[in-house]
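S.K.: only geometry, no sequence info:
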């Protein structure tokens, strides 16, 4: 049988699976935004059931009348705790131990990194993730192999795609008179601004009313521009930025200053993504679907910080392969 979604009144959200490899139940004490469909689908292969406990103004009723009956059904429980809900954690722990059941406890910070391969970014700006008290910049051990990968792949990519550069030049000129290349100010490493070079995919007057996020089915994009975005052809001129040392092949996508200023104010730890060079593609780009705005920026940051904090050569190569899948699968973001 497949996965089923069940809602108990308005309080508890339960995800059930009969295909799980264990009889363990996963309980998350705060029904938080960090669990996406992709995450839940992966977790349901491991856990028999997932119980998500949302915010409630009546925790006593919630825990004693709604959660307690569910605990009777399981012998092995994995409790993912958020320190913001310390009382909830203690009540659930006491309910489990009192019934002499097996329980293991993981903080949401460790759970995200170990099980979901991303870093937990609090929704509340006052909440502190202890795993992010320090985050590294890339030392020589990382910079040198990245530089070799950047230069080698960029040269190969330029030579292989040179005919596409020529084709794109004439198609853009034919469909939308104006400059072929588009120069846009972006924020790079150490908050230094640079001009990001792309093939122009929008009309020349696309931002006459001010900067705004691009979106799916954007009316400002001409026909070949839409194709370029879908296949990432519009990103090819950023190879020049790599040679200029503005960009790396892999890293957090550079954002525009007007948006970065906003994100810095309302998204905890956002500025940490500027500890390293931004990239043409990145872990967030291949792991998170198309999106724009604060909500999506927060989710992408979870993956960007995981990449910075847990860089390995294997992760670098994985992102390159997943980028190729995105491009050839025409799943452009």
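M.R.: Okay, I see it. Remember, predicted model here, so these are calculated numbers, not experimental data.
S.K.: please, where are all the helices along the stretch 1-150 of the chain?
M.R.: 37-43, 59-61, 68-71, 86-98, 108-111, 140-175 (DSSP state H, counting those that start in this stretch).
S.K.: ranking these by mean pLDDT, which is last?
M.R.: Lowest mean pLDDT of the helices of the stretch 1-150 of the chain: helix 59-61, a mean of 79.
S.K.: follow-up on the earlier one: the helices of the stretch 1-150 of the chain: which one's closest to residue 297?
M.R.: When the helices of the stretch 1-150 of the chain are compared by CB to CB, helix 37-43 sits nearest residue 297, at 17.6 Å. C-beta coordinates here come from the backbone N, C-alpha and C atoms, glycine included.
S.K.: mind listing what's buried in the closest one?
M.R.: By 16 or more other CB atoms under 10 Å, the buried positions in helix 37-43 come out as 39, 40, 43.
S.K.: the strands in the stretch 151-300 of the chain, which residues?
M.R.: Residue ranges of the strands in the stretch 151-300 of the chain, as given by DSSP state E, counting those that start in this stretch, are 181-187, 193-199, 248-250, 279-281.
S.K.: what's the closest of the buried residues of helix 37-43 to residue 25?
M.R.: Distances from residue 25 to the buried residues of helix 37-43, taken as CB to CB, are shortest for residue 43 (11.1 Å).
S.K.: what is the burial count for the closest residue to that closest one other than its chain neighbours?
M.R.: In space, and not counting its chain neighbours, residue 43 is closest to residue 50: 6.0 Å by CB to CB, 6 or more residues apart in numbering. Neighbours of residue 50 under the rule other CB atoms under 10 Å: 24.
S.K.: please renumber the chain so that the first residue is 613 from this point on.
M.R.: With 613 as the first residue, the last one maps to residue 662.
S.K.: surely residue 662 touches residue 624?
M.R.: No - Residue 662 is beyond contact range of residue 624, at 10.6 Å (criterion: CB atoms under 8 Å).
S.K.: just give me the neighbour total for residue 625.
M.R.: Neighbour tally, residue 625, other CB under 10 Å: 17.
S.K.: could you measure from it over to residue 728?
M.R.: Between residue 625 and residue 728 the distance is 17 Å, computed by CB to CB, to the nearest Å.
S.K.: on the three-state scheme, residue 933 is what?
M.R.: Taken by DSSP: H, G, I helix; E, B strand; the rest coil, the conformation at residue 933 corresponds to helix.
S.K.: where does the chain dip in pLDDT?
M.R.: For the chain, applying pLDDT under 70 flags the ranges 613-623, 643-644, 817-831, 902-903, 942-945.
S.K.: tell me the domain ranges of it?
M.R.: Following automatic domain parsing, the chain resolves into domains at 616-728, 752-940.
S.K.: name the nearest residue to residue 856, sequence neighbours excluded.
M.R.: Nearest non-adjacent residue to residue 856, counting by CB to CB, 6+ apart: residue 806, 7.8 Å away.
S.K.: whoops, residue 813 was the one
M.R.: Nearest non-adjacent residue to residue 813, counting by CB to CB, 6+ apart: residue 837, 3.1 Å away.
S.K.: could you pull up the residues touching that neighbour?
M.R.: By CB atoms under 8 Å, 6 or more residues apart in numbering, the residues touching residue 837 are 784, 787, 788, 812, 813, 814, 846.
S.K.: ok, back up a step: from the helices of the stretch 613-762 of the chain, which stretch is densest packed?
M.R.: Of all the helices of the stretch 613-762 of the chain, helix 720-723 carries the top mean neighbour count, a mean of 20, counting by mean count of other CB atoms under 10 Å.
S.K.: packing partners for it?
M.R.: When contacts are defined as 3 or more CB pairs under 8 Å, 6 or more residues apart in numbering; DSSP states H and E, helix 720-723 packs onto strand 688-693.
S.K.: can you list the strands that the strand it packs on pairs with?
M.R.: The pairing partners recorded for strand 688-693 under DSSP bridges are strand 637-640 (parallel), strand 714-719 (parallel).
S.K.: turn these into JSON lines, including distance to residue 700 and mean neighbour count.
M.R.: Output for the strands paired with strand 688-693, formatted as JSON lines (distance: least, CB to CB, whole Å; neighbours: other CB atoms under 10 Å):
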{"stretch": "strand 637-640", "distance to residue 700": "10", "mean neighbour count": "24"}
{"stretch": "strand 714-719", "distance to residue 700": "12", "mean neighbour count": "15"}
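S.K.: so which of those strands comes closest to residue 842?
M.R.: For the strands paired with strand 688-693, distance to residue 842 was read as CB to CB. The smallest value, 35.8 Å, belongs to strand 637-640.
S.K.: now render the strands of the stretch 763-912 of the chain as a markdown table, adding distance to residue 911 and mean neighbour count.
M.R.: As requested, those are exported to a markdown table (distance: least, CB to CB, whole Å; neighbours: other CB under 10 Å):
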| stretch | distance to residue 911 | mean neighbour count |
| --- | --- | --- |
| strand 793-799 | 19 | 17 |
| strand 805-811 | 22 | 19 |
| strand 860-862 | 18 | 26 |
| strand 891-893 | 17 | 24 |
